[in-house]
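>>> Only the shape, not the letters, is given here:
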């Protein structure tokens, strides 16, 4: 718990300690699963509170009572945790490859460890959702803002860890974190542009 709080209060010193103590990888996995499950469970509950709140106006949303909250919540949580887990693995692999390209000296395991602990940044999105029983809509909006803040904090904390673990400058560590997602987004954008004329041609009447 001290490590988790330290990544919010004193991220540089805490991440340095995590890297040099070479914490077990199972701890990073536990952090990923705990914060992912907590965030998506809180989101599902906030969504349920919002639907319940809106359902008070039956004439506006008559189908709101037909919404299956338990099943939907379970699906949201399961999908969210699965996506977060896969993103942790894929981003770690991509960041490790980028770090090696920048002549980093760390291995894949320490990269997984660093990025796993950086999932503490989800705290910024989780805290507003705690107020969803009182303010369902406002809590969801605040959580969205918290997601953006958490993304910035994730990049910062994981960059500190990558810098320490791979012996990189902070600037190179930041690039090692953000470059893989940008490459994927760029490739998908190019593929979409390439496929667009083909889709238009396929729909064009002959």
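Looks like it came in fine. The shown structure was predicted, so the numbers you read here are calculated from the model rather than taken from an experiment.

>>> So for the protein, the centremost residue is which one?
Nearest to the mean C-alpha position of the chain, by CA atoms, centre = their mean, lies residue 84 at 5.9 Å.

>>> got any ranges where this structure has weak pLDDT?
Within the chain, the stretches with pLDDT under 70 are 1-2, 56-71, 198-206.

>>> rewinding a little: now do the contacts for the residue nearest to the centre of the chain.
Contacts for residue 84 (CB atoms under 8 Å, 6 or more residues apart in numbering) come out as 32, 36, 40, 119. C-beta here means a position set from N, CA and C on the backbone, and glycine is covered the same way.

>>> So which of the residues you listed sit within helices?
Assigned to helices by DSSP state H, the following of the contacts of residue 84 qualify: 32, 36, 40.

>>> So which of the contacts of residue 84 is surrounded by the most neighbours?
With neighbours taken as other CB atoms under 10 Å, the top of the contacts of residue 84 is residue 119, carrying 26 neighbours.

>>> I'd like to know how far that residue sits from residue 102.
Residue 119 sits 23 Å away from residue 102, going by CB to CB, to the nearest Å.

>>> how about the strands of the chain, start to end?
Taking DSSP state E as the criterion, the chain carries no strands.

>>> quick one, helices of the protein?
Using DSSP H, the helices of the chain run over 2-9, 11-21, 25-54, 69-101, 108-117, 123-129, 136-166, 170-203.

>>> Can you tell me which of those helices is packed in deepest?
helix 108-117 (a mean of 24; mean count of other CB atoms under 10 Å).

>>> Against which helices or strands is that one packed?
Packing partners of helix 108-117 (3 or more CB pairs under 8 Å, 6 or more residues apart in numbering; DSSP states H and E): helix 11-21, helix 25-54, helix 69-101, helix 136-166.

>>> closest one to residue 180 among those helices?
Nearest to residue 180 among the helices and strands packed on helix 108-117 is helix 69-101; the distance by CB to CB comes to 2.8 Å.

>>> the inter-axis angle of that closest one versus helix 136-166?
30 degrees (axes from the mean of the first three to the mean of the last three CA atoms, to 10 degrees).
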